[in-house]
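**Q** okay, predicted coordinates and the sequence, questions at the end:
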Amino acid sequence: MMKYLFSLFLVFSFLVTNAQIKLLTLNDLGKRLAKGKDTTYVINFWATWCGPCVEELPHFEKVNKDAAKQPIKVILVSLDFKSKLKTAVIPFVVKNKLSSEVYVINEPDQQVFIEKVDKNWSGAIPATLFVNTHKKVRQFYEKEFSYNELIETLEKLK
Amino acid sequence: MRKIIYSICLLIFLSTTTYAQKVYKVGDVLPNIALLSTSGSVYSLKDQKAAKGFIVVFMTPTCDHCIAYEPRVMALDKKYKVKGFPVVAIGPYGDDPIKYPLDAMPEMKKLAQKKGFTFPYLSDDGFKYTWMMNITITPTAVVLQKKPNGFLIKYIGRIDDEQDAKKVPKNKFVEQQVNKML
Amino acid sequence: MRSVLFACFIMLGIMAKAQSGYQVGNVAADFDLKNVDGKNVSLASYEKAKGYIVVFTCNTCPVAKIYQDRVEALNKTYAAKGYPVIAINTNDPVASPGDSYVKMQERAKEKNFSYAYLEDPNHVYTKKYGAMKTPHVFVLQKTAKGNEVAYIGAIDNDQEDTNTSKTTFVQNAINSLLKGEKPAITSTKAVGCSIKWKKEAASK
C-alpha cells in the first residue's frame, strides 16, 4: 500500500517540480560565480548513485539553511546522467526535501570538465569547490566533509 | 501523455520490486536461522528450546572492529545466556576458503577455538541471512525475541557506541534492547 | 585522541590506496579468478592474445551499466584481433549484494556477455591493479617483459553518447598497439562509482 502511495507522490512531485532543476554548463556556473562578488559559493559535486555523497548532503543542507543571512551559498551539482534528470535526480531531491540549489552538469566531455574544475581532480566524488570572487578564493577538496569540517573551512575563508 | 505512461511504468516497477527479494527489518518475524557451525553440526534457532531469544552478531575473523569487539561479545554471552538470550555469531562469507581465505569457515574455526568462544559461530553460505537482514558492515548485532511463529527482530545495529575497547560506552544498545525483554 | 588515531587510519588508508596500483609501463600480475560459468580464468588462458582489455566493473553502478554495451562492442571488435575483454567485478558481496556471484551470473546471461566476467573476492586484483572506480580499464600488451600496462582510464569521453567530439580512448590505444605504435593518450581519468569495499562498522 505504502509503495503505491509513494509512487503516486512521486508522480505528482515530478509533474510539479519539473522546471525547478536545470542543467548547468561550466560556463554558466562560471558566470554565476563571477557575478557573486562577495558571496562564498560552496559547490558540491555529487550524484544520486554515490553513497558517500548522499551521506554528506545533510551537512551542506544545514550550512545552506543556517547561512541564510550571510553571503554563503551552497550549490549542489550532480554528475548524474542528463537522461536521469526526471527519473532519478528530481525524485531524489523531492524525497529528501533538498532546499539548496541543485543542478545536473551539462558537459559532454567528462575529461575536459573535470580538468576545468580542478587540474588535480581525479574525477572522484564527493568533491567540493569553495569560491569567493572578491576575496580571490578558489579551493578545491576531493574528499567527504563532516559538518564541523565544512564550518571550519568556511571560517578560515572569512 | 508520456508522463502518464512514465508514471504507470513506475507504479508497475515499484510493485514488482517489492516481491523480488524480501529484506527483513525491525518489526518483522524471521522464520528461523539454521546454519553450519564451526563445531561441524548445524545450529538451528528453532531447536534451542530453552532460549527466549538471541543476540545474533555478524562478524568476521579479520575485520579490526570485529576483533576489538570480541571480548564484549563474549561478555554479552556470559551475561545473557543464563537469562535466556544467548549469543549466536555469524560469519557472512560462508564456507569457501578458496574464495574467502581470510573469512571463511576454516579461519572461523581457528578463531572460535583460539578465543574459546562460548557461543556458536555459524557460516552464512551464500550470504543468505546477511542479505535477508541487509547487513552491509561488520560487526552488526541483531536482537531476536522468540515468538510462536518465528523470531521477532527487535534491533539491528551496532553493539554499543564506543569503538575504543578501553573506554566505557555511553549507550550499550544491545544490552538496552535485551534488558527490555527480561 | 581517538579522532587523531582515526585520522591517521584514514591517512594511511588514503596513502595506501593512492600509492598502490599500476602505472603505464608496469608489468601486470596474472590472476586466477572464477568466471560466471564456474571455470577459472587467467590472462594465460588466452594463449593467442596479443594483449588484453581488463575492465574493472560491477553490476550496480549506473556508469558501469551505461558502458555495458560498449564493453561488449570492444570484445566483438578486438577479441578477434588479439585483444579480448576480461571483466572483473570489484565489489564486496556483503557491502553490495547486487554484485554477488549469482547476480553476476544473472547479468551475464541477461545481456549475453561474450566475454569473461570474473569475481575478485577480497578485492585482491582490484587493489593490485589500482582500480579506483567502475568502470576502470587497463589495456595490457604482451611484450618481452610480460603483460605491460599500455593504457589506464576511461573507455571514452562520452558517457551519454552526446559528445560531438567523441574520443574513444581504448579503441585508439589498441589500434595504435596493433600498428606497433605507442598510444597517443596513455592515461585518462576513470569516471564512475567508487568501489564497494568490504565494510567495517565506523563511528561518526
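**A** Yep, that arrived.
**Q** any regions of the chain where pLDDT drops low?
**A** Just going to use chain A. Applying pLDDT under 70 to chain A flags the ranges A:6-19.
**Q** the chain in question should be chain B.
**A** B:4-21.
**Q** 50 - rerun?
**A** For chain B, the stretches with pLDDT under 50 are B:15-19.
**Q** same question, chain C
**A** Within chain C, the stretches with pLDDT under 50 are C:8-9, C:11-18, C:203-204.
**Q** just the strands in it please.
**A** C:33-34, C:40-41, C:51-57, C:85-89, C:116-119, C:133-134, C:136-143, C:146-153, C:193-194, C:199-200 (DSSP state E).
**Q** got those strands as JSON lines, with mean neighbour count columns?
**A** From N, CA and C alone the C-beta is placed, and that goes for glycine too. Shown next, in JSON lines, are those (neighbours: other Cβ atoms under 10 Å in any protein chain shown):
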{"stretch": "strand C:33-34", "mean neighbour count": "20"}
{"stretch": "strand C:40-41", "mean neighbour count": "16"}
{"stretch": "strand C:51-57", "mean neighbour count": "26"}
{"stretch": "strand C:85-89", "mean neighbour count": "26"}
{"stretch": "strand C:116-119", "mean neighbour count": "22"}
{"stretch": "strand C:133-134", "mean neighbour count": "27"}
{"stretch": "strand C:136-143", "mean neighbour count": "23"}
{"stretch": "strand C:146-153", "mean neighbour count": "22"}
{"stretch": "strand C:193-194", "mean neighbour count": "22"}
{"stretch": "strand C:199-200", "mean neighbour count": "16"}
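**Q** ranges for the helices of the chain?
**A** Unless you meant another one, I'm taking chain A. Under the criterion DSSP state H, helices of chain A are mapped to A:2-17, A:26-35, A:51-66, A:90-95, A:110-117, A:147-156.
**Q** chain C is the one I meant
**A** Under the criterion DSSP H, chain C contains helices at C:2-19, C:62-66, C:68-78, C:101-110, C:124-129, C:169-178.
**Q** now residue B:70: which helix or strand?
**A** Residue B:70 belongs to helix B:64-80 when assigned by DSSP states H and E.
**Q** report whether that helix contacts chain C.
**A** Yes - counting by Cβ under 8 Å from any Cβ of the partner chain, chain C is contacted by helix B:64-80 at B:64, B:65, B:66.
**Q** rewinding a little: can you redo the helices of chain A as CSV with mean neighbour count and distance to chain C?
**A** Shown next, in CSV, are these (neighbours: other Cβ atoms under 10 Å in any protein chain shown; distance: least, Cβ to the nearest Cβ, whole Å):
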stretch, mean neighbour count, distance to chain C
helix A:2-17, 14, 18
helix A:26-35, 14, 14
helix A:51-66, 17, 7
helix A:90-95, 19, 13
helix A:110-117, 19, 5
helix A:147-156, 14, 10
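**Q** closest to chain B out of the ones you listed?
**A** helix A:2-17 (4.0 Å; Cβ to the nearest Cβ).
**Q** on that earlier part again, and of the residues of helix B:64-80 next to chain C, the nearest to residue B:170?
**A** residue B:65 (17.5 Å; Cβ to Cβ).
**Q** and the residue lying closest to the closest one once chain neighbours are set aside, how far is that from chain A?
**A** Residue nearest to residue B:65 in three dimensions, not counting chain neighbours: residue C:200, with 4.6 Å by Cβ to Cβ, 6 or more residues apart in numbering or on different chains. Applying Cβ to the nearest Cβ, to the nearest Å, the value for residue C:200 to chain A is 15 Å.
**Q** any buried residues in the helix holding residue B:70, and which?
**A** B:65, B:66, B:67, B:68, B:69, B:70, B:72, B:73, B:74, B:76, B:77, B:80 (16 or more other Cβ atoms under 10 Å in any protein chain shown).
**Q** now do stretch C:75-94
**A** In stretch C:75-94, the ones that count as buried by 16+ other Cβ under 10 Å are C:75, C:78-79, C:82-94.
**Q** chain A next: which of these are close?
**A** Applying Cβ under 8 Å from any Cβ to these, none is adjacent to chain A.
**Q** quick check: the farthest pair among these?
**A** C:82 and C:94 (37.6 Å).
**Q** now do the same contact list for the closest residue to residue C:178 other than its chain neighbours.
**A** Once flanking residues are discounted, residue C:178 sits nearest to residue C:81: 6.2 Å by Cβ to Cβ, 6+ apart. Residues near residue C:81 by Cβ atoms under 8 Å, 6 or more residues apart in numbering or on different chains: C:50, C:174, C:178.
**Q** any quick PyMOL command for the buried ones out of those residues?
**A** This is how PyMOL selects the buried members of the contacts of residue C:81, with burial counted by 16+ other Cβ under 10 Å:
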select buried, chain C and resi 50+174
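**Q** let me see the contact set for the closest residue to residue B:67 other than its chain neighbours.
**A** Using Cβ to Cβ, 6+ apart and skipping the chain neighbours, the partner closest in space to residue B:67 is residue B:61 (8.0 Å). Shown in contact with residue B:61 (Cβ under 8 Å, 6+ apart): B:67, B:91, B:102, B:103, B:107, B:108, B:110, B:111.
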